[in-house]
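K.L.:
Sharing a model that was predicted from the sequence below.
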Amino acid sequence: MSVADLRFQLTDEVATVDFGRRLAKSLRGGAVVFLQGTLGAGKTTLTRGVLQELGHAGAVKSPTYTLVEPYELSGLKVFHFDLYRLGDPEELEYMGIRDYFLEQNLCIVEWPMRGAGILPSPDLSVDLTVSGTGRLAIVTASTRRGDSILQSLITQPLKTQPLKPKHE
């Protein structure tokens, strides 16, 4: 059976980082992950958890002005994009966007709608919304690879359990 999406209630910032760390365990082979949500929804916080789990010990800031921040972690090339300030999706072509999105790389993209028409389709999308004092994360698979990532999330012991998993 294939998983369509999972919902996770993230009670606070610590839970959001923990969820990112858990997600990273399923992303070690690379993937394209879109992070969606309003300003302050927790996109960079979730990315911090992913990067920490992969071995990054420093600060994690959203690359709002540089558009991309590269990392080499545990033998994996990770590219963290923030397209919030992107004026036109065509600007991505000038920075050689296609060179980043290789099968073996992990590309995490904040504000992916700003790169519509240029960015490849995601394997996984995470939509973060404010929910009480925490966040609701809806994780959706768009490819077989994304489906495999969701299956892996289901089998991991999580501090944050999924709410009502939906199956196809």
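P.N.:
Sure, I can see it.
K.L.:
Look at residue 137 and say how many residues are nearby.
P.N.:
28 (other Cβ atoms under 10 Å). C-beta here means a position set from N, CA and C on the backbone, and glycine is covered the same way.
K.L.:
and what of residue 66?
P.N.:
Residues near residue 66, counting by other Cβ under 10 Å: 14.
K.L.:
what residue ranges in the protein score low on pLDDT?
P.N.:
1-4, 157-168 (pLDDT under 70).
K.L.:
could you pull out the helices for it?
P.N.:
13-24, 43-53, 91-94, 144-155 (DSSP state H).
K.L.:
Go ahead and name everything in contact with stretch 136-156.
P.N.:
Stretch 136-156 has contacts (Cβ atoms under 8 Å, 6 or more residues apart in numbering) with 2-10, 16, 19, 22-23, 25-27, 31, 42, 46, 121-130, 162, 165.
K.L.:
do stretch 31-42 as well
P.N.:
10, 13, 16, 27, 43, 46-47, 101, 106-113, 119-130, 135, 137, 145-146, 149.
K.L.:
most packed of the helices of the chain?
P.N.:
Mean neighbours per residue, mean count of other Cβ atoms under 10 Å, is largest over the helices of the chain for helix 43-53, with a mean of 24.
K.L.:
Show me what it is packed up against.
P.N.:
helix 13-24, strand 31-36, strand 76-82, strand 106-110, strand 124-131 (3 or more Cβ pairs under 8 Å, 6 or more residues apart in numbering; DSSP states H and E).
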